[in-house]
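Trainee: what would the 3D arrangement of this be:
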Amino acid sequence: MAWLLLVIAGLLEIVWAVGLKQTGGFTRLWPSVITLTAMVASVVLLGIAMKSLPVGTSYAVWVGIGAVGTAAMGILFLGESASAGRLASLALIVAGIVGLKLATPAG
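Mentor: Numbers count the residues shown, from 1 in each chain. Reported below is the predicted structural model:
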């Protein structure tokens with residue numbers, strides 16, 4: 001269950017990271033509300049997951065999901081670069097996330 005909560009927390013990190021761009025510096029109400037809600041929910045779920053998973057693993061996986069997902073959203077929807085170097089770097093992050101999952105006892 002902790003791993004599921006951690007993945008959801010990571011997905012919510014993508015929501016708030018992409019949402020930050022849509023807030024216009026927190027001048028737009030609804031994008032700001034959605035972004036702030038996703039931020040709080042993401043951190044709360046991360047904290048719950050950390051009750052039974054190692055802090056280093058939890059934080060690294062949370063950040064990794066957020067980083068890869070946000071970069072992918074930028075590539076797919078915001079016209080950001082999909083260079084070979086960038087994609088290879090994202091693949092390395094995914095490999096690290098998988099490695100941490102495999103090396104960490106179930107939580």
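
Trainee: flag the shaky bits of this structure, pLDDT-wise.
Mentor: 107 (pLDDT under 70).

Trainee: regarding it, what is its longest helix?
Mentor: Longest helix of the chain, by residue count under DSSP state H: helix 55-77.

Trainee: spatially central residue in the protein, please.
Mentor: Closest residue to the average C-alpha location of the chain: G66 at 1.9 Å, with C-alpha atoms, centre = their mean.

Trainee: hang on, that residue packs against G19?
Mentor: No: assessed by C-beta atoms under 8 Å, G66 is found out of contact with G19, at 12.0 Å. Quick note: C-beta positions are derived from backbone N, CA and C, even for glycine.

Trainee: in the helix or strand following the longest helix of the chain, which residues are buried?
Mentor: Using DSSP states H and E, the helix or strand that follows helix 55-77 in sequence is helix 84-103. Buried residues in helix 84-103, defined by neighbour count with 16 or more other C-beta atoms under 10 Å: 90, 93, 97, 100.

Trainee: again, but for stretch 49-69
Mentor: Using 16+ other C-beta under 10 Å as the test for burial, stretch 49-69 gives 49-50, 53, 57-58, 60-62, 64-69.

Trainee: need the nearest residue in space to I8, chain neighbours excluded.
Mentor: L45 (5.6 Å; C-beta to C-beta, 6 or more residues apart in numbering).

Trainee: hmm, back to that, and the two most separated of the buried residues of helix 84-103?
Mentor: L90 and L100 (15.8 Å; C-beta to C-beta).

Trainee: as CSV, the buried residues of helix 84-103 with distance to A84 would be great.
Mentor: As requested, the buried residues of helix 84-103 are exported to CSV (distance: C-beta to C-beta, whole Å):
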residue, distance to A84
L90, 11
I93, 15
I97, 21
L100, 25
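
Trainee: what's the separation between I93 and K101?
Mentor: 13 Å (C-beta to C-beta, to the nearest Å).

Trainee: and for E13?
Mentor: From E13 to K101 the distance is 17 Å (C-beta to C-beta).
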